[in-house]
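pasting the structure only:
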């Protein structure tokens, strides 16, 4: 299990816009349509990564807790589905339905969105305020597979709570650690 850290884009970076297919609905949706006037969380995840599997229950709970507070939550998979077929759109849809994802699960086939966000690993989290400026990037919490620390989502939860209460997001912000995004080989 290779461990890759987040690249930690600069705070204040404006969220790059995108239009991607939602694997469950089959509709192409844009960030402009999905965003919230309060806070928007963009998560880069995938199906097969043990780091993502380790936190799946918390991702659903996070959405259950914050969607009613008008926080937009968006999941994106940018892995190369040719090399990793378990991350193809059909498998993504099956995972979203199995876990009853209450957030859209989008497929970034060209990997342009992941590159625009400088996403490096799965999972990788980016929280934007109402003006779509990055206020948090990094880890969900300190839990990792087999480290014995419970999954709480405390880092992302603390950041969302700060945005919702018009406070500064607490420092330090720690990079996420996960599997590297499976980039398409260029010829």
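Yes, it's here. This is a predicted model, so every value here is computed, not measured.

any idea which helix or strand in this structure has the lowest mean pLDDT?
Here the helix or strand of the chain ranked lowest by mean pLDDT, DSSP states H and E is strand 4-5, holding a mean of 87.

what's that one in contact with?
Residues from elsewhere that reach strand 4-5 (Cβ atoms under 8 Å, 6 or more residues apart in numbering): 120-121, 175-180. Glycine gets a C-beta too; all of them are placed from N, C-alpha and C.

using the three-state scheme, assign the spatially most central residue of the chain.
To find the centre residue of the chain, average its C-alpha atoms and take the closest one (Cα atoms, centre = their mean): that gives residue 43, at 0.7 Å. Here residue 43 is recorded as strand under DSSP: H, G, I helix; E, B strand; the rest coil.

ok, now which ones touch the closest residue to residue 154 other than its chain neighbours?
In space, and not counting its chain neighbours, residue 154 is closest to residue 141: 4.7 Å by Cβ to Cβ, 6 or more residues apart in numbering. Residue 141 makes contact with 58, 149, 151-156, according to Cβ under 8 Å, 6+ apart.

mind naming the longest helix for this protein?
Residue-count comparison of every helix in the chain, with assignments taken from DSSP state H, identifies helix 50-66 as the longest.

what residues of it count as buried?
For helix 50-66, the neighbour count (16 or more other Cβ atoms under 10 Å) marks 51-52, 54-56, 58-59, 61-63, 66 as buried.

tell me the one of those residues nearest residue 83?
Distances from residue 83 to the buried residues of helix 50-66, taken as Cβ to Cβ, are shortest for residue 52 (17.0 Å).

what's the burial count for the closest residue to that closest one other than its chain neighbours?
Nearest residue to residue 52, sequence neighbours excluded (Cβ to Cβ, 6+ apart): residue 45, at 4.8 Å. Taking other Cβ atoms under 10 Å as the criterion, the count of residues near residue 45 is 27.

need the pLDDT of residue 45.
As predicted, residue 45 sits at a pLDDT of 98.
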